[in-house]
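>>> 3D, please:
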Amino acid sequence: MPAMPVSDDDLTMLRNRTLDEIAVGDSASVERTLTREDIQVFAALSGDVNPQHIDAEFAAASRFNGVIAHGMWGGALISALLGTRLPGPGTIYRSQSLRFLAPVRIGDRLRVGVTVTARDAATGRVTLACSCTNQHGETVIDGEAEVLAPTERIERPRTVLPEIRLDVGGRDGVARLLAHVRALQPVRVAVVHPCDASSLSAALDARRAGLIEPVLVAPQVRLEAVAAEAGLDLAGIAIVDVAHSHAAAARAVELAAGGEVEALMKGSLHTDELMAAVVASAGGLRTKRRVSHCFVLQTPHYPRPFIVTDAAINLAPTLEQKADIVRNAIDLAHVIGVAEPRVAILAAVETVSPLMPATLDAAALCKMADRGQIAGGVLDGPLAFDNAVSPAAARTKGIVSPVAGQADILVVPDLESGNMLAKQLMYMGEAASAGIVMGAKVPVVLTSRADSHEARIASCAIALLLAHHYREAPP
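Next up, the predicted model:
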C-alpha cells in the first residue's frame with residue numbers, strides 16, 4: 001500500500017489506523033527542518049546541555065565543525081509520527097531501536113518515515129522500520145519500533161500547542177547573522193554623506209566587524225569636523241570629497257554603476273535624496289524591477305526571523321508594483337537562507353471584498369503566483385495580521401493554508417501601514433531589525449537616524465550577503 005496521502009483535513013484532525021486497517025507495507029512520513037530553536041527547546045526539556053549542541057564556539061572546534069542536533073531529537077520525530085499518523089492516537093510503544101548514522105545540522109530538512117514490516121493479529125503487535133533521511137538523500141537515523149496498535153477508531157481535532165519563545169529581546173539575532181557572514185570577505189561600500197556621529201560611527205563599526213570597506217562620500221571638511229567632535233579616527237579610510245549631500249548621492253551612484261563599490265549605505269541625508277539618485281534613468285543602477293524596501297525583523301514573540309515590505313519607499317503601490325515588491329522580498333529570503341518563503345499578503349480582513357482594494361490585490365497576487373508570474377515562494381492572501389502569524393488565530397477563523405500562522409514575509413497594503421507595523425514591532429514588540437533596498441543593481445543599506453547601532457550593523461551584514469550573491473547572479 002502506498003504512503004498515506006496528506007489532505008487539508010490532516011492539518012486540523014488526528015485520525016488513527018486500527019489494527020484491522022493496518023497491513024504490511026503501509027507507510028507514513030513527515031518532513032521537518034531543524035532550527036536552532038528546536039535544539040534549544042530540546043536541551044531545555046531534556047536537560048542535555050552538551051556544548052556540542054548549544055555552544056557554537058565549542059562546536060566549531062569539534063570534529064563535527066559546528067552545532068548538531070541531539071540524536072534523540074530525531075528519535076522524538078519518529079515517536080511523533082507513530083503517535084499521530086501510523087498507527088496514530090491510541091498507539092502504545094513497546095520498544096524502539098535506533099542507529100545514529102550521521103549528524104543533523106541546523107537547516108537540514110529531514111524526511112521521517114515509518115513502514116510496517118510485521119503485524120501480529122493475535123497480540124496486536126506491529127513492527128515498523130523507522131528512518132530519518134536528510135535533504136541529500138542520506139540516511140541519518142534508522143531503526144525499528146514495536147508498538148501495540150489501537151483497536152478502536154479515534155478521531156479528534158488537533159491540539160494547538162502554546163508558542164515557546166526563546167531569546168528574550170531578540171538580540172542574539174545580530175550575533176547569529178555576523179557568525180553566518182564571517183567567512184565572507186568585506187565589500188567596498190559607498191557611505192553617502194555620513195555627516196553625523198551616528199552614521200559615521202556605524203560605518204566605522206561595520207568596518208571593524210569585517211563587513212565593509214567604507215568609501216565615505218561627503219564634504220571632507222565637514223566629515224573631518226564630525227569625526228573630531230565624536231573622537232572617531234578616519235585614518236586609512238577612503239574619502240571622496242563632494243560639495244553637498246545631493247552631490248554625494250550622485251557620486252555614490254556613479255561609483256556603484258562603475259563597479260568601484262558593491263553597495264550603498266545611507267548616511268545623514270534624507271531617504272528621498274538618496275533614492276532619487278539610485279532610481280534616476282541616467283544613474284545606471286535601475287533594473288527591470290521596481291525598487292522596494294525590506295525590513296528583516298526578529299522578535300521573541302515569533303519563532304523565526306521574517307520580512308516586512310514595503311515600509312519605506314513605495315507610498316501606495318499598484319498591483320504591478322506590489323508584484324515586484326513580492327519578488328524582491330522572495331529574492332532576499334532566498335539569500336538569507338529561506339528556500340521557499342511563505343508570503344502573507346496582508347489586509348484588514350481575510351476575505352476578498354470589492355470595497356477593499358487591498359483584498360483584491362492580494363487575491364490577484366496569489367493568482368499571479370499560481371500562473372508562474374511570481375515564483376520562488378508560497379503566497380496566500382488576503383490574510384489579516386493575526387491570521388498570518390498566529391496558528392491559533394488562523395485555526396479559529398477556519399483558515400487552512402501553508403502560509404497562515406507561519407509567514408516568512410508580510411506584504412503590507414501601503415507604506416503607512418507597513419511603517420507603523422514595523423515600528424510597532426521594533427518599539428513595542430522588542431524586534432531587532434535590519435533594513436535593505438532591493439531591486440537595484442546593488443544593495444542599498446537604508447537606515448533611519450533613529451535606528452540602533454545593532455540595526456545598522458545587521459543591515460550591513462545583509463548587504464554583504466547580497467553583494468556576494470550579486471557577483472554570481474546579478475539582479
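>>> longest helix of this structure?
The longest helix of the chain (DSSP state H) is helix 453-472.
>>> okay, now residue 138: neighbour count?
Residues lying near residue 138 (other C-beta atoms under 10 Å) number 11. For glycine as for every other residue, the C-beta is placed from the backbone atoms N, C-alpha and C.
>>> that one and residue 102 touch, don't they?
Yes: assessed by C-beta atoms under 8 Å, residue 138 is found in contact with residue 102 at 5.8 Å.
>>> if we can go back for a sec, alpha carbons only: can I get the longest helix of the chain in PDB?
Included here for helix 453-472 are C-alpha records, laid out as PDB according to Å, rounded to 0.1, in the frame of the first residue of the first chain:
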ATOM      1  CA  HIS A 453      23.700  50.600  16.300                       C
ATOM      2  CA  GLU A 454      22.700  46.900  16.100                       C
ATOM      3  CA  ALA A 455      20.200  47.600  13.300                       C
ATOM      4  CA  ARG A 456      22.900  49.400  11.200                       C
ATOM      5  CA  ILE A 457      25.400  46.500  11.700                       C
ATOM      6  CA  ALA A 458      22.800  43.900  10.800                       C
ATOM      7  CA  SER A 459      21.800  45.900   7.700                       C
ATOM      8  CA  CYS A 460      25.500  45.900   6.600                       C
ATOM      9  CA  ALA A 461      25.700  42.200   7.100                       C
ATOM     10  CA  ILE A 462      22.700  41.600   4.900                       C
ATOM     11  CA  ALA A 463      24.200  43.900   2.300                       C
ATOM     12  CA  LEU A 464      27.300  41.800   2.400                       C
ATOM     13  CA  LEU A 465      25.300  38.700   1.700                       C
ATOM     14  CA  LEU A 466      23.500  40.300  -1.200                       C
ATOM     15  CA  ALA A 467      26.700  41.800  -2.700                       C
ATOM     16  CA  HIS A 468      28.400  38.400  -2.800                       C
ATOM     17  CA  HIS A 469      25.200  36.800  -4.200                       C
ATOM     18  CA  TYR A 470      25.000  39.500  -7.000                       C
ATOM     19  CA  ARG A 471      28.500  38.600  -8.100                       C
ATOM     20  CA  GLU A 472      27.200  35.200  -9.200                       C
END
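>>> same for it, what does it pack against?
When contacts are defined as 3 or more C-beta pairs under 8 Å, 6 or more residues apart in numbering; DSSP states H and E, helix 453-472 packs onto helix 172-181, strand 187-192, helix 197-208, strand 212-218, strand 263-266, helix 319-335, strand 432-438, strand 444-445.
>>> give me that answer again for 6 Å
In terms of contacts (3 or more C-beta pairs under 6 Å, 6 or more residues apart in numbering; DSSP states H and E), helix 453-472 is packed against helix 172-181, helix 197-208, helix 319-335, strand 432-438, strand 444-445.
>>> mind splitting this protein into its structural domains?
For the chain, automatic domain parsing gives the domain ranges 8-157, 172-472.
>>> pick the most buried one from these.
Per-stretch averages of neighbours, counted by mean count of other C-beta atoms under 10 Å, single out domain 172-472 among the domains of the chain, with a mean of 20.
>>> could you check how far it is from the centre of its chain?
Its chain's C-alpha centre and that of domain 172-472 lie 13 Å apart, by C-alpha atoms, centre = their mean, to the nearest Å.
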